[in-house]
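Undergrad: Predicted structure and sequence below. I'll ask about it afterward.
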Amino acid sequence: MSDHPQAPPGHLVINVQHREDPVSLVTEADAFAASRGYGNIVVRGPLFGVAEQRRGERPRWRLLTDMDTGCPQDARDALNSRLWFKAKDETDDPKERRALLDAVARLETEPVNELTVGDTRYRIVRADEFARTGEGRLEPPRPTDVDTEGWDLSAHTPSTTKGFVVDHAAAVGLTEGLERMGLVPVSYTSERFPPGVLADSQRALRTHPGLVLLPVVFRVMEREEKSWSMASSQQPTPQDARRSLVYHLKTFLPLTEELDEQEAAVYARAAEAFTRRLRPNGLNVRGRRFEIARIERMMRVGPAGPEGPRRSDIDDQGPTKIHPTMDEWGNITRDE
């Protein structure tokens, strides 16, 4: 703190506030109990998304995507589409449309990680996905995690990540404040990572010393001999993940593993039995173990805001043209 005698910058402030309302007290107690039972963390790797910062909102950034893509180019493509459809559907001003389309043109040919259109800055941002572990298992959903109900496989809960405001100095509870403090020095250390990845991880501790926790999500995980593999995409609630497991067992596995009718029926019966349980978080079938895991994501923050892609992040896709050509008047040309 001696480097900032007046007031520390926002990206270094963790604003902890004690809250006396019953919900906060129960949530704090639940988080404290979980930290004792699941005291280790396993970092899976980076995720990427798109954030925006509008004039008047600085230093805050707002997430525009779910932070669920594994490569920076996937996020750039998402921004490409967002700006193209904004030009198509959200303006009648030729000047504004041309500015949006010029940004799209750059994204079609350059691996751009930040650009400004009008009063809005857009950035490709990065977060690390991790899970807490204890006694050889991943942390399941907590009793106080927001949940939904029902087994309609077509039901989808709205994202808890889109619209999330990245504000390092926003007030948080005591347990989250302590968790953030404990995660600040975390970097990649495993020998399975290449030297460049390890070096970039250490460098990020200096360039982006702040840290924000994104909304918690949930995944279906399958236990392997010495590790876990993902069996679903990230989901906003435990029940959405449970529905994903039912789909995985009844539809995905029979197709991808080419199960015969008898084997497929075993998985289908297991899925049906799973739906008859009250908020189930684990299932054994055919010698396989599936669990609903609580997944967290930490985003590093520096003086200029959220961290972008690192040089060592895997990014083997190139930019490409996604949508037809449009002019500033909204006329669309179907490219041959």
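TA: Received it, and whenever you're ready, just let me know what you need. Numbers count the residues shown, from 1 in each chain.
Undergrad: For Ala293, give me its contacts.
TA: 131, 138-140, 218-221, 228 (CB atoms under 8 Å, 6 or more residues apart in numbering). For the C-beta atoms, the positions are set from N, CA and C on the backbone; glycine is no exception.
Undergrad: Sitting in helices, which of these do you find?
TA: Among these, no member falls in helices (criterion: DSSP state H).
Undergrad: I'd like to know which of those are part of strands.
TA: When strands are assigned by DSSP state E, the members of the contacts of Ala293 inside them are 131, 138, 218-221, 228.
Undergrad: any chance of those residues in CSV, plus distance to Asp21?
TA: What follows is these, written out as CSV (distance: CB to CB, whole Å):
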residue, distance to Asp21
Ala131, 29
Leu138, 30
Phe218, 25
Arg219, 30
Val220, 33
Met221, 33
Trp228, 36
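Undergrad: and the two most separated of these?
TA: Spanning the widest gap among the ones in strands among the contacts of Ala293 are Phe218 and Trp228, at 13.6 Å by CB to CB.
Undergrad: These two: which has the busier surroundings?
TA: The neighbour comparison of Phe218 against Trp228 (other CB atoms under 10 Å) goes to Phe218, with 25 against 19.
Undergrad: how about the residue nearest the centre of the chain, what does it touch?
TA: Among the residues of the chain, the smallest C-alpha distance to the mean C-alpha position (CA atoms, centre = their mean) belongs to Met67, namely 3.5 Å. For Met67, the set of contacting residues under the criterion of CB under 8 Å, 6+ apart consists of 47-49, 125, 127, 161, 214, 297.
Undergrad: sec struct for it, please.
TA: Using DSSP: H, G, I helix; E, B strand; the rest coil, the secondary structure recorded for Met67 is coil.
Undergrad: Chain neighbours aside, what residue packs nearest to it?
TA: Gly49 (3.8 Å; CB to CB, 6 or more residues apart in numbering).
Undergrad: and the one you found, how many residues sit next to it?
TA: Other residues near Gly49 number 28, with proximity taken as other CB under 10 Å.
Undergrad: Next: Gly37.
TA: For Gly37, the tally of surrounding residues (other CB under 10 Å) stands at 12.
Undergrad: Next: Thr144.
TA: Counted by other CB under 10 Å, the residues lying close to Thr144 total 15.
Undergrad: what about it, which SS state?
TA: Assigned state for Thr144: coil (three-state reduction, three-state DSSP).
Undergrad: Provide a list of residues in contact with it.
TA: Under the criterion of CB under 8 Å, 6+ apart, the contact partners of Thr144 comprise 26-27, 30-31.
Undergrad: Go again with 7 Å.
TA: Contacts for Thr144 (CB atoms under 7 Å, 6 or more residues apart in numbering) come out as 26-27, 30.
Undergrad: Next one: it from Gly177, what distance?
TA: Relative to Gly177, Thr144 is positioned 17 Å away (CB to CB, to the nearest Å).
Undergrad: Tell me which helix or strand the residue nearest to Met67 sits in.
TA: strand 40-54 (DSSP states H and E).
Undergrad: Can you tell me the SS state at Glu108?
TA: Under the three-state scheme (three-state DSSP), the conformation of Glu108 reads as helix.
Undergrad: So for the helix or strand containing Leu255, what gets flagged as buried?
TA: Assigned by DSSP H and E, Leu255 belongs to helix 253-256. Counting neighbours by 16 or more other CB atoms under 10 Å, one finds that the buried residues in helix 253-256 are 253-254.
Undergrad: do stretch 255-265 as well
TA: Quick answer for stretch 255-265 (16+ other CB under 10 Å): 259, 264.
Undergrad: all strands for the stretch 101-250 of the chain, in order.
TA: Using DSSP state E, counting those that start in this stretch, the strands of the stretch 101-250 of the chain run over residues 114-117, 120-134, 137-138, 165-166, 210-213, 217-223, 228-230.
Undergrad: The ones you listed: which one's closest to Lys321?
TA: Distances from Lys321 to each of the strands of the stretch 101-250 of the chain were compared using CB to CB; the shortest belongs to strand 114-117, at 16.9 Å.
Undergrad: about what we covered before: in PDB, list the C-alpha atoms belonging to the helix holding Leu255.
TA: As requested, the backbone C-alpha atoms of helix 253-256 are provided in PDB (Å, rounded to 0.1, in the frame of the first residue of the first chain):
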ATOM      1  CA  LEU A 253     -23.700 -41.400 -25.500                       C
ATOM      2  CA  PRO A 254     -25.800 -43.800 -27.600                       C
ATOM      3  CA  LEU A 255     -24.900 -41.700 -30.700                       C
ATOM      4  CA  THR A 256     -21.200 -41.000 -30.000                       C
END
